[in-house]
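> Provided below for reference: sequence and predicted model.
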Amino acid sequence: MYENFLMASSAILISAILFGLVRRGRLKICLLFVLFVNVVYLADLLPHLWPARFYTSRFWLVRESLINVLRFGVAFEIAYYAFRAFPGARSTARALVLLLLGTTLVVVLWATWELPRVPTYSEILSRLQPRLLNGFIWLLTCIAAVILWYRLPVDSMHKSILLGWVPYLLIFMVVLDRAAAYGWDEFLPKVSYVYTTAYLLLLAYWARAAWAPAGVQARAAAPRTVPAGQTG
């Protein structure tokens, strides 16, 4: 019963996000974000409709790999629109992002090296996924910090994505950590309502932001024309 409520609520909220982005003219600057939320919903829907075929560890690995790629894609999409018109901020952000990506890659590769030749579902979930999420959280925080430091104008939807995503991922990481400590089969069913409720709240927050009036978007300043006779 709760799973049906979750899928129906997610579909309604994602539809509200999509129609809000279209109505407010934000779809063009949120293409990867729209792809992300729809892939997440489809990846949750398939095991719900056909558990015998899709409720497997193999499907979960494919699901999480694709979602992780799209997460980073959304972050880069936000960074592109935030920094494209500001060379100083773009240079700073590029250096910090490369540093974070390099650090995350090293940490993930090190964790992969420590795994057995054929890791189990729980080993990947407890060792690799938290490190990827941690790197992603730092990436979002880095982008937000550069925006604040340079006081850049960004679209309110991008701002809401950054503000909403970080606390939700922190909750999800705590759930993963506690599940690894107390056992997946025993702990996850007890806390599944916590992170699924947090997910619905996140979608509701994004839906509200999608329908809000369009905010300021970063645009390159037009070159200043110097009147004749006033050069030098």
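That came through, no problem.
> so residue 213 is in which element?
If you go by DSSP states H and E, residue 213 is not part of any helix or strand.
> distance of it relative to residue 203?
Residue 213 is 20 Å from residue 203, where distance means Cβ to Cβ, to the nearest Å. Any C-beta I mention is one placed from the backbone N, CA and C, and that applies to glycine too.
> these two: which is more packed in?
residue 203 (23 against 6; other Cβ atoms under 10 Å).
> which other residues reach whatever helix or strand residue 32 lives in?
In this structure, residue 32 sits in helix 31-49 according to DSSP H and E. If you take Cβ atoms under 8 Å, 6 or more residues apart in numbering as the criterion, helix 31-49 is touched by 3, 6-7, 10-11, 14, 17-18, 21, 27, 53-55, 59, 63, 66-67, 70-71, 73-74, 76-77, 161, 203, 206.
> do stretch 141-161 as well
Contacts of stretch 141-161 (Cβ under 8 Å, 6+ apart): 21, 24, 26, 29-30, 33, 74-75, 78-79, 81-83, 86, 88-89, 92-93, 96-97, 100, 162-163, 166, 205-206, 208-210, 212, 214-218.
> can you select the buried ones from these in ChimeraX?
To isolate the buried subset of the contacts of stretch 141-161 in ChimeraX, counting by 16 or more other Cβ atoms under 10 Å, use the following:
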select :21,24,26,29,30,33,74,75,78,79,81,82,83,86,89,92,93,96,97,100,162,166,205,206,209,210,215,217,218
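> the contacts of stretch 141-161 in helices, which ones?
Those of these mapping onto helices are 21, 33, 74-75, 78-79, 81-83, 88-89, 92-93, 96-97, 100, 162-163, 166, 205-206, 208-210, per DSSP state H.
> check the gap between residue 98 and residue 41 for me.
Taken as Cβ to Cβ, the span from residue 98 to residue 41 is 32 Å.
> neighbour count for these two, which is higher?
residue 41 (17 against 10).
> for stretch 73-81, what is the distance to the chain centroid?
In terms of Cα atoms, centre = their mean, to the nearest Å, the centre of stretch 73-81 is found 10 Å from the chain centre.
> kindly report the same for stretch 148-155.
Worked out by Cα atoms, centre = their mean, stretch 148-155 lies 19 Å from the chain centre.
> and that stretch, how far apart are its ends?
The straight-line separation of the ends of stretch 148-155 (Cα to Cα, to the nearest Å) is 13 Å.
> near residue 143, how many other residues are there?
Neighbours of residue 143 (other Cβ under 10 Å): 23.
> going on from the helix holding residue 32, what's the next piece of helix or strand?
Per DSSP H and E, the first helix or strand lying C-terminal to helix 31-49 is helix 51-54.
> that following helix packs against which elements?
On a contact count with 3 or more Cβ pairs under 8 Å, 6 or more residues apart in numbering; DSSP states H and E, helix 51-54 meets helix 31-49.
> now do the buried residues in the helix it packs on.
32-34, 36-37, 40-41, 43-44, 47.
> swap in stretch 152-172?
Quick answer for stretch 152-172 (16+ other Cβ under 10 Å): 152, 154-162, 164-166, 168-169, 171-172.
> which stretches of the chain aren't confidently modelled?
114-121, 180-190, 214-232 (pLDDT under 70).
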